[in-house]
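Colleague: Kindly return the folded structure for what I paste below:
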Amino acid sequence: MARLTGLLKKLEVPYEGGTLPNRWINNDIKPIEKGRRTWTFWTFHNLWVLTNTNISTYMTGSSLIALGLTWWQAIIVIVVGAILSTVFIVLNSMPGAYYHLGFPIANRYVWGMYGSSFVIYNRILLSLVWYAVQAWIGGRCVYVCLEAIWPNLEERIPNHLHATGLTSASFLTYWIFCLISLPLIWIRPHKLKAFLYIGVASIMVFEIVLLIWALATMDGFGDTITGRPDTQDTSVGWSIMYGIISAIGGIAAGILNQSDYARFTRRPRDAIYGQLASAATYSIMSSVVGILVTAATQRRYGAPLWSLPDLLIAMMHAGGSRSRAAGFFGGVALVVSQWGINIPGNALSGGFDFAATFPSAPLDGGQPVATAGNSVHVSGRSLELWVFLGPMTGLMISSYYIVNRRKIKVDDLFRGNKTSIYWYSYGINWRAPLAWAIGVFPSMPGFVSNVNNDIHISIGWTRVYYLSFLVGFAMAAVVFVALHHFFPAPSVKDFVLSPATAKLVMAEYQARWDATEENGIAIPSESVVPKDAHDLESFPKDI
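Modeller: As a prediction, this is how the structure comes out:
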């Protein structure tokens with residue numbers, strides 16, 4: 001027992017400055033001080049290149065065309081969905097960009113000091129699910145590399161997993177991907193810039209070369225582009241709406257916790273313009289490349305191959321040694337691409353939330369999520385979780401811009417008692433769960449029916465489900481604002497209505513953080529907000 005206690009003690013987060021990590025703060029979740037604010041315009045640009053230039057985004061066209069849309073209707077859906085997603089991304093990253101607060105801490109002023117745990121646990125679960133999904137796709141990319149070196153891999157590795165629907169070869173490559181991901185998972189977020197540059201270079205070169213090859217060697221476009229949709233005209237509009245919501249929903253988890261990365265920005269404008277310039281742009285580009293490459297190779301291989309690993313395997317089987325060499329390097333690029341989406345988007349995000357839940361445990365990148373995520377297996381149907389994430393996002397955005405008017409008393413986000421204005425009622429802001437439940441309710445019949453096809457619902461409920469993210473976002477936001485208007489939290493209201501502007505509050509806190517030691521942990525001291533605009537002269541101008 002003593003040895004176990006000693007081991008756990010060694011694993012605790014190191015601290016300096018005389019302040020022990022506690023339930024509310026440690027070095028991983030405190031506001032980011034100047035020494036760790038290293039992300040520039042190009043860092044955010046590169047993050048979203050990797051997040052949106054990957055196999056999942058590449059295959060977006062397949063799911064949209066499966067709805068009965070034509071290729072050009074699918075592109076319209078992709079463009080609209082990407083633009084709306086970018087708007088939500090930028091709006092929800094502002095607490096991080098200006099106050100340097102991560103997702104777990106930002107939710108304390110929304111849900112309360114204890115109430116925020118509900119959102120954090122949901123995000124941890126989501127990270128586990130998506131880490132496993134993306135790691136499985138990464139395993140397929142490793143499979144491509146091994147197939148290029150040792151053809152007929154399935155024959156070389158006997159299958160002992162018939163009952164599971166898997167093969168031993170695919171299961172092995174999944175674990176290989178998980179193992180080779182571990183070194184990158186241990187990199188601290190503020191030191192990811194070099195990896196992001198390497199990842200962007202590899203995947204952009206790969207997709208450009210792939211597109212040129214597909215178009216230059218094609219024997220006409222397949223019916224991916226030339227075919228006619230099966231959907232009747234009367235349902236095309238609703239298929240388009242569902243496609244748009246699906247496009248937003250595919251990045252809903254990233255929208256929800258974008259503050260986790262925006263908090264590392266050197267200046268707010270780096271996060272704002274870096275995301276505006278890249279989030280939609282590369283999502284659209286990757287999806288369009290997927291449609292064009294699939295259509296250009298369809299006749300050659302006899303079927304539309306939307307999955308990039310499947311396309312590379314077909315190319316290698318149809319060609320010789322040169323094709324296998326091309327397939328190997330293509331597989332390597334795809335492995336890097338999967339690192340780019342899985343490590344920042346799932347492993348590290350879940351690690352941030354894990355650090356907020358267990359402040360004395362080490363973050364060490366996203367290792368806790370990576371370890372647990374390896375054992376998760378889910379079906380594709382269960383992943384339409386934007387039904388629950390849309391209302392959460394609505395609460396965060398409406399709380400920051402309307403209820404709190406961009407004025408956050410950061411000190412009180414680290415006080416777990418009645419002295420905090422965000423204590424609300426016993427540490428829970430009852431308005432948040434009520435508004436969230438109301439936002440989720442209209443989409444639940446459609447969600448249940450989508451998970452279980454034996455349950456039938458009316459067309460009206462189905463169409464509400466088609467709009468689920470936007471309906472949930474709007475309803476939760478409106479109800480939350482209304483509850484705070486008619487049943488205000490007195491201490492929060494007093495602070496928000498105080499004379500100091502949001503800009504002055506932000507300046508005061510940033511000046512204090514810039515003076516802190518890079519690796520120290522210090523609970524913010526009592527705020528002394530500047531009283532008028534003249535006091536702002538002593539604070540940083542670029543906020």
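Colleague: Of all the residues in stretch 435-443, which ones are buried?
Modeller: Neighbour counts over stretch 435-443 (16 or more other C-beta atoms under 10 Å) mark 435, 436, 438, 439, 440, 442, 443 as buried. Backbone N, C-alpha and C define where each C-beta goes, glycine included.
Colleague: List of residues touching it?
Modeller: Here stretch 435-443 makes contact (C-beta atoms under 8 Å, 6 or more residues apart in numbering) with 387-388, 390-392, 394-395, 464-465, 468, 471-477, 479-480, 483.
Colleague: Emit the ChimeraX select command for whichever of the residues you listed are buried.
Modeller: Buried members of the contacts of stretch 435-443, defined by 16+ other C-beta under 10 Å, are picked up in ChimeraX with:
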select :387,388,390,391,392,394,395,464,465,468,471,472,473,474,475,476,477,479,480,483
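Colleague: Now intersect the contacts of stretch 435-443 with the helices, please.
Modeller: 387-388, 390-392, 394-395, 464-465, 468, 471-477, 479-480, 483 (DSSP state H).
Colleague: so what's residue 207 closest to, chain neighbours aside?
Modeller: Once flanking residues are discounted, residue 207 sits nearest to residue 289: 5.5 Å by C-beta to C-beta, 6 or more residues apart in numbering.
Colleague: quick one: the one you found and residue 58 touch, right?
Modeller: Yes - using C-beta atoms under 8 Å, residue 289 is in contact with residue 58, at 6.7 Å.
Colleague: what's the overlap in contacts for these two?
Modeller: By the contact definition C-beta under 8 Å, 6+ apart, residue 289 and residue 58 are jointly contacted by residue 207.
Colleague: Which one of those two is surrounded by more residues?
Modeller: residue 58 (26 against 19; other C-beta atoms under 10 Å).
Colleague: so what's the more buried one up against?
Modeller: The contact partners of residue 58, by C-beta under 8 Å, 6+ apart, come to 207, 286, 287, 289, 290, 306, 308.
Colleague: Output stretch 124-136 as CSV, restricted to C-alpha atoms.
Modeller: What follows is stretch 124-136 as a C-alpha-only set of coordinates in CSV (Å, rounded to 0.1, in the frame of the first residue of the first chain):
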residue,chain,number,x,y,z
ILE,A,124,-14.2,13.0,-22.1
LEU,A,125,-16.6,10.2,-23.2
LEU,A,126,-16.8,11.8,-26.7
SER,A,127,-13.0,12.0,-26.8
LEU,A,128,-12.8,8.3,-26.0
VAL,A,129,-15.3,7.3,-28.7
TRP,A,130,-13.7,9.5,-31.4
TYR,A,131,-10.2,8.5,-30.5
ALA,A,132,-11.1,4.9,-31.0
VAL,A,133,-12.8,5.6,-34.3
GLN,A,134,-10.0,7.7,-35.8
ALA,A,135,-7.4,5.3,-34.5
TRP,A,136,-9.2,2.4,-36.3
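Colleague: Buried residues of it, list them for me.
Modeller: 124, 126, 127, 128, 129, 130, 131, 132, 133, 134, 135, 136.
Colleague: Show the subsequent helix or strand relative to the host helix or strand of the last one.
Modeller: Same thing as residue 136. Assigned by DSSP states H and E, residue 136 falls within helix 116-149. For helix 116-149, the succeeding helix or strand toward the C-terminus, using DSSP H and E, is helix 153-156.
Colleague: Quick one: residues contacting residue 38.
Modeller: 190, 191, 193, 264, 266.
Colleague: I'd like the distance between it and residue 350.
Modeller: In this view, residue 38 and residue 350 are 22 Å apart by C-beta to C-beta, to the nearest Å.
Colleague: so how far does stretch 213-221 reach from one end to the other?
Modeller: End-to-end distance for stretch 213-221: 14 Å, by C-alpha to C-alpha, to the nearest Å.
Colleague: how far is that stretch from where the chain is centred?
Modeller: Stretch 213-221 sits 34 Å away from the centroid of its parent chain (C-alpha atoms, centre = their mean, to the nearest Å).
Colleague: and what of stretch 87-98?
Modeller: Centroid separation for stretch 87-98 versus its chain: 13 Å, with C-alpha atoms, centre = their mean.
Colleague: same check, this time on stretch 301-321
Modeller: On C-alpha atoms, centre = their mean, the centre of stretch 301-321 falls 30 Å from the chain's centre.
Colleague: Give the rounded mean pLDDT of that stretch.
Modeller: Stretch 301-321 shows a mean pLDDT of 90.
Colleague: What are the buried residues along that stretch?
Modeller: Buried residues in stretch 301-321, defined by neighbour count with 16+ other C-beta under 10 Å: 301, 304-309, 311-316.
Colleague: With that, I have no additional questions.
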